[in-house]
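Novice: here is my input, please return the structure:
(one chain, ligands or ions: 2)
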Amino acid sequence: MKRRLTLHFPREAVHQPITYRLAVDFDIAAKILRAQVAPNQSGTMVVELSGDIDELDAAELWLESLGLGLNRAPGEIRIDASRCVDCGICTSLCPSGALSSFAPSWRLQFDAQRCLVCEQCIPSCPLEAIALVLDQPPVADTVPSVARLP
Ligand code: SF4
Ligand code: SF4
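Specialist: Ligands and ions are numbered 1, 2, ... in the order given. Sure thing, here's the model as predicted:
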């Protein structure tokens, strides 16, 4: 299974070979979606972990034992259809295929089931149509989610 985590590194943990240890000790593949970690400073990394569920649970405990803060997906991505102009910029940055647009309409489609909540799309939108919604309030006018894209 896959699990998306945001890892918060304290200064003393930034030199840990996290992805190597996850692979060797837990048989977990770690795909780094976003990272802001400078040498000798605290940092943040968004990762998608793939592996056995028991190993994922064990790996989370190990990461916490190193002093890292762990956050599961903190909310949902919402797209304001009243702002979106279907320019497609965000689709080129989405690592999971959750955002897409196809001919002939080129209308933006958002597949929430594929979204990793990596937040890479948020700063890409020139219209500020994409937002991370933490408390999931009802939104009346959003791009509808699709069950599964081809
Ligand atoms: S947060 Fe945005 S870029 Fe990341 S997977 Fe979801 S839709 Fe794609
Ligand atoms: S970048 Fe913004 S305006 Fe362009 S398709 Fe994506 S959500 Fe719509």
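Novice: going forward, measure contacts and count neighbours with C-alpha atoms only.
Specialist: Fine.
Novice: what's the residue most central in space within the chain in contact with, if anything?
Specialist: Central residue of the chain (C-alpha atoms, centre = their mean): residue 118, 2.0 Å from the mean position. Residues counted as contacts of residue 118 (C-alpha atoms under 8 Å, 6 or more residues apart in numbering) are 33, 34, 46.
Novice: give me the buried entries from those.
Specialist: 33, 46 (16 or more other C-alpha atoms under 10 Å).
Novice: can you tell me which of the contacts of residue 118 lies nearest to ligand 1?
Specialist: Nearest to ligand 1 among these: residue 33, at 8.2 Å, using C-alpha to the nearest ligand atom.
Novice: doesn't the closest one belong to a strand?
Specialist: Yes - when classified by DSSP: H, G, I helix; E, B strand; the rest coil, residue 33 is found to be part of a strand.
Novice: that one contacts residue 47, doesn't it?
Specialist: Yes - contact criterion C-alpha atoms under 8 Å: residue 33 and residue 47 qualify, at 5.4 Å.
Novice: give me the contacts around the longest helix along the chain.
Specialist: The helix that spans the most residues within the chain, counting by DSSP state H, is helix 53-65. Contact partners of helix 53-65, identified using C-alpha under 8 Å, 6+ apart, comprise 1, 3, 22, 26, 27, 28, 49, 50, 69, 70.
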